[in-house]
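Trainee: when you get a sec, could you give me coordinates for this:
(chains A and B)
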Amino acid sequence: MTEKNALELKDLSVAYRVAGRNRAVLRNVSLTIGRGEAYGLVGESGCGKSTVALSVVRYLPRNSSITGGSIALDGQDVMKLGAEALRRARAESVSMVYQDPGKALNPSLRIGRQLTEIFELAGISGQAAADKAIAMLNLVRISDPASVMQRYPHQLSGGMQQRVAIAMALANDPSMLILDEPTTGLDATVEAEVLDLVAQLRRELSASILFISHNLAVVSKMCDRVGVLYAGMLVEEGSTKDVFNDPRHPYTVALLRCLPRGGQRKDQGRLDTIPGFLPGIGANIIGCAFADRCALATERCRTEPPPLYDLGEGRLSRCHHHDKAQSLPRATPAEVPTAAPRQAPPVLRVEGLNKTYASHGRPLRAVKDVSVSLRPGETLGLVGESGSGKTTFAKLLLGLVQPDEGGSIELEGQALSPRLASRSEDQVKAVQIVFQNPDSALNRSHSIRHILSRALKRLGGLTGKTLDTRLEELVRSVRLTDRHLAVKPRQLSGGLKQRVAIARAFAGEPRIVVCDEPTSALDVSVQAAILNLLADLQSKQDVSYIFISHDLGVVRYLSDKIAVLYLGRIMEFGPSEAVFSGPHHPYTEALLSAVPKLDRTESSRIRLDGEIPSAANPPKGCVFHTRCPRKIGAICETQEPELVEAQPGHTIRCHIPFAELARLQRPRTVEPA
Amino acid sequence: MSATDTSATMPAPDTRSPWGEVLHSLLRSCTFLTGLGILLFWIACALFGEHFVPYDPLANDIINALMPPSAEHWFGTDQLGRDVFSRVIVGSRDILTVAPLATLLATVAGTALGLLIGYFRGIVDDIVSRVLEAFMAIPVVIIALLAIVALGTSKITVIIVIGLSFAPIIARTVRSAVLAERELDYVAAAKLRHEGALHTMFVEILPNVIPPILVETTVRLGYAIFAVATLSFMGFGIQPPSPDWGLSISSNYGMIGGGFWWTVLFDALAIASLVIGVNLLADGVHGAFND
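Mentor: Numbers count the residues shown, from 1 in each chain, chains lettered A, B, ... in the order given. Alright, predicted model coming up:
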């Protein structure tokens, strides 16, 4: 060890023991993180990212073992540490922040107790520990630390919980901070805040950071250098800018192409996908691990494992053809069927829809006065933070939740009863949904054949031979095969399960399909395939989508119209291009600015302060005024603005005149992910 | 992505079945295997015991009454000179018919009731749950007394009494499992197909709540055996001259004072071993489903 790096992994190999066999999870991973450096580790689920993190602190699960290599933390060999020394290393020099802060904090202890405990371990007690705890909360920009100290974790929002978790991780002034998907469960606006916080803390503290994320844009924003993991191997490494702008491994190239970028839309071409699947854990890999999925693979790739080629300037690539990586042919042809121009009358017209829940005796307006319309073959994207009423609105359409009196839903010109039970068979099959989580949406006791046949029988009204024929067509239309029919949902991967869920929604030839975050649980390459599938089905069957997603790039790719919701109200509604390119509502502006960009161009930053207010007690006047960066004065606090048509078909709920918004927002061009 | 290239590269579906995994972990569980061994022993005794016992369990032999355990009578003889060993071996027959049938009745009734109140919730749940709680507050023995007055003494009465007193307990277990299931999206998907309540309850939800039902059923079986033995001891249900354990203890326990301990001890041990065996079995099943 020549130099004391913060972290040095040398040829680290880790295996999990499953059914009596050792299966390799990490294969000779070497990486170095210098002092004060932020290193990003990216890759799809199952490629070993978290195993790296757990190895560093030797928190690996019981059935795993380090089968080779070494881990040095501050020049100290972690593998040789005794129990006491390991405990001290964990207490003093390395800290971890996990994905779900709700699980990282003890639900039955007050925040103050949990924080001071860390200082007590370090020998500081009483008032001194409490003072230090308050100082830590100040450090993570919690505005009222004394009151937060008195609260229990469940009384804090997700963003606040993650701040507290970060404060706890930083309390022992670690030299190494490991962040494992720290913002994955958070809203984009909260994610932006937490990432800003981490970036600021990096400047103030000297900690080195190992940042693990499946979100390439987040890593690109946060890290100096990045490593790409594939099947437990480091396949590419280099400075973040180089790797993302000039990737030298076909896997990195393909991964970057899966994301809808630069405002790409469904009619401008399909997303590229990565064919095939990640080799299973412990698979016997002969040549290059990626060869089976790589269009550039030659005979040499299949027989000779590529070494980690040194490309100079700190760049490494585990590819025989690293010089040609970017010429990787597309796995999916880009051309899309041209959609017919849409002049048809609206398939869906919603007028003045309201939903009020009772919350501790007070009305909670989950959806307030929402009106939208949608033509056949169009997609309406619903955008907004959690708690903005997106899902409630979708449930009102489906009839799963009853709206308040007044308001109307029309399907193809016919009134649609708010009660599911009083809708006709035709209306029921016309409005279907693809749920976010296929594990919950598919009955785990039923075979895929049962699930789809039942849907065809009930929604398609089919029986016997015609049902079987249609079942085959349906299965093929979502790119599954006959052999997937016999199995139960748990035997399929997440992407395949979501295809089954899509097939079920399409069984009765629906007119409207609600897609509630259908890709949020999936890896980017699988997400791309699902988005392509949805776009294909739409252009073939002229079906309309209500698409809910927190990923604005994905929403933009699929949507023709966008409705931006805040506290159950539509703040902005209009054609996708108009809403995204602006001028837009200050809330839309803030949402767009919260999205980390892959190209690292830092647009003028608008950050929302504070939490989304409770819908049971919404602010007076404009509901957004408490967080609005462009608030103009008293009128915002007293008078609720109307939805005003700014351009044809584009309405905005704001006191600022449209021309003024245009002037305020002119300097920056908005290019979401 | 063309249809052909995707399907060509899709991995073969994972073929492990969840039930296969449960079976696998059951077969590796010592607790389960011990319990199963004890239960199978008594089932074998009930089915074939009469063919290999040394004496007719019902044959009186007054001359040899109340003999202590010896080479001829391993467990001694009772006050009528009947061979205690033969009676203990064959004595499992009635209890192993009555207790499982009672448990089955409790499971079927409890499951149907639990699905109903868990699925509909609201007023149905409020009313039925309160009635069940009231029912559970009455001791089994009192229910049994009332039932015997009304229906007369018979095995069927015992089955109905025990079955109906255990049904609310199973209904409560099923209800809480159903409450969690009904919030899952596949139930909403069924509503969006206009499925009827019966289909949703029995075809969609029921298969997913089988594990807790199985666990509860095996636990109840242990209690049912205990309850049957208690009722026989008190003279309800199984009637003489059956060599039933509870019944034998009841007719012989007065002799303990006279030092004739063997007329009671072996029957008591038999009951204990069967209850312990079934409880071990239940523990194993619980472990296999909750790994």
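
Trainee: what distance do you get for B:Glu183 to A:Gln326?
Mentor: Taking C-beta to C-beta, to the nearest Å as the measure, B:Glu183 falls 48 Å from A:Gln326. (C-beta placed from N, C-alpha, C; glycine too.)

Trainee: out of these two, which sits in the more crowded spot?
Mentor: A:Gln326 (15 against 10; other C-beta atoms under 10 Å in any protein chain shown).

Trainee: tell me the pLDDT of the more buried one.
Mentor: What the model reports for A:Gln326 is a pLDDT of 86.

Trainee: okay, now the closest residue to A:Asp560 other than its chain neighbours: neighbour count?
Mentor: Nearest in space to A:Asp560, with sequence neighbours left out and distances taken as C-beta to C-beta, 6 or more residues apart in numbering or on different chains, is A:Glu378 at 4.3 Å. Applying other C-beta under 10 Å, we find 24 residues neighbouring A:Glu378.

Trainee: same thing with A:Leu496?
Mentor: 23.

Trainee: what does the one 10 residues further on give?
Mentor: By the other C-beta under 10 Å criterion, the neighbourhood of A:Phe506 contains 22 residues.

Trainee: quick one: it from A:Leu534, how far?
Mentor: 10 Å.

Trainee: tell me how far the ends of stretch B:227-240 are from each other?
Mentor: The separation between the terminal residues of stretch B:227-240, taken as C-alpha to C-alpha, to the nearest Å, is 18 Å.

Trainee: give me the buried positions along it.
Mentor: In terms of neighbour count (16 or more other C-beta atoms under 10 Å in any protein chain shown), stretch B:227-240 has its buried residues at B:227-233, B:236-238.

Trainee: tabulate the residues you listed (a markdown table), appending distance to chain A and secondary structure.
Mentor: A markdown table is the format used below for the buried residues of stretch B:227-240 (distance: C-beta to the nearest C-beta, whole Å; DSSP: H, G, I helix; E, B strand; the rest coil):
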| residue | distance to chain A | secondary structure |
| --- | --- | --- |
| B:Ala227 | 32 | helix |
| B:Val228 | 33 | helix |
| B:Ala229 | 37 | helix |
| B:Thr230 | 38 | helix |
| B:Leu231 | 37 | helix |
| B:Ser232 | 40 | helix |
| B:Phe233 | 42 | helix |
| B:Phe236 | 40 | coil |
| B:Gly237 | 38 | coil |
| B:Ile238 | 39 | coil |
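
Trainee: picking that back up, ok, now which ones touch the residue nearest to A:Asp560?
Mentor: Going by C-beta atoms under 8 Å, 6 or more residues apart in numbering or on different chains, A:Glu378 touches A:342, A:544-545, A:560-561.

Trainee: of the residues you listed, which is the nearest to A:His154?
Mentor: Of all those, A:His154 sits closest to A:Tyr545, with 34.9 Å by C-beta to C-beta.

Trainee: could you pull out the strands for the stretch 101-250 of chain A?
Mentor: A:176-180, A:208-212, A:225-230, A:233-239 (DSSP state E, counting those that start in this stretch).

Trainee: so which of those strands is nearest chain B?
Mentor: For these, the distance to chain B is smallest for strand A:225-230, at 16.3 Å, taking C-beta to the nearest C-beta.

Trainee: which one is A:Val190 nearest to, not counting chain neighbours?
Mentor: Of all residues not flanking A:Val190 in the chain, A:Gly159 sits nearest, at 3.7 Å (C-beta to C-beta, 6+ apart).

Trainee: check B:Leu27 too.
Mentor: B:Leu33 (7.3 Å).

Trainee: name the next helix or strand downstream of the host helix or strand of that neighbour, please.
Mentor: Assigned by DSSP states H and E, B:Leu33 belongs to helix B:30-52. Scanning forward in sequence from helix B:30-52 by DSSP H and E, the next helix or strand is helix B:84-90.

Trainee: need the contact partners of that next one.
Mentor: B:45-46, B:49-50, B:53-57, B:73-78, B:243, B:245, B:248, B:262-263, B:266-267, B:270.

Trainee: roughly how far does the residue lying closest to A:Gly461 once chain neighbours are set aside sit from B:Trp262?
Mentor: Of all residues not flanking A:Gly461 in the chain, A:Glu425 sits nearest, at 7.6 Å (C-beta to C-beta, 6+ apart). To B:Trp262, A:Glu425 is 74 Å away according to C-beta to C-beta.

Trainee: looking only at neighbour counts, state which of the two leads.
Mentor: B:Trp262 (23 against 13).

Trainee: quick one, what contacts that one?
Mentor: Contacts of B:Trp262 (C-beta under 8 Å, 6+ apart): B:68-69, B:75-76, B:84.

Trainee: could you do A:Pro363 as well?
Mentor: A:Pro363 neighbours (C-beta under 8 Å, 6+ apart): A:356-357, A:616.

Trainee: ok, those residues vs chain B, which is closest?
Mentor: Looking across those and measuring by C-beta to the nearest C-beta, the closest to chain B is A:Tyr357, at 16.3 Å.
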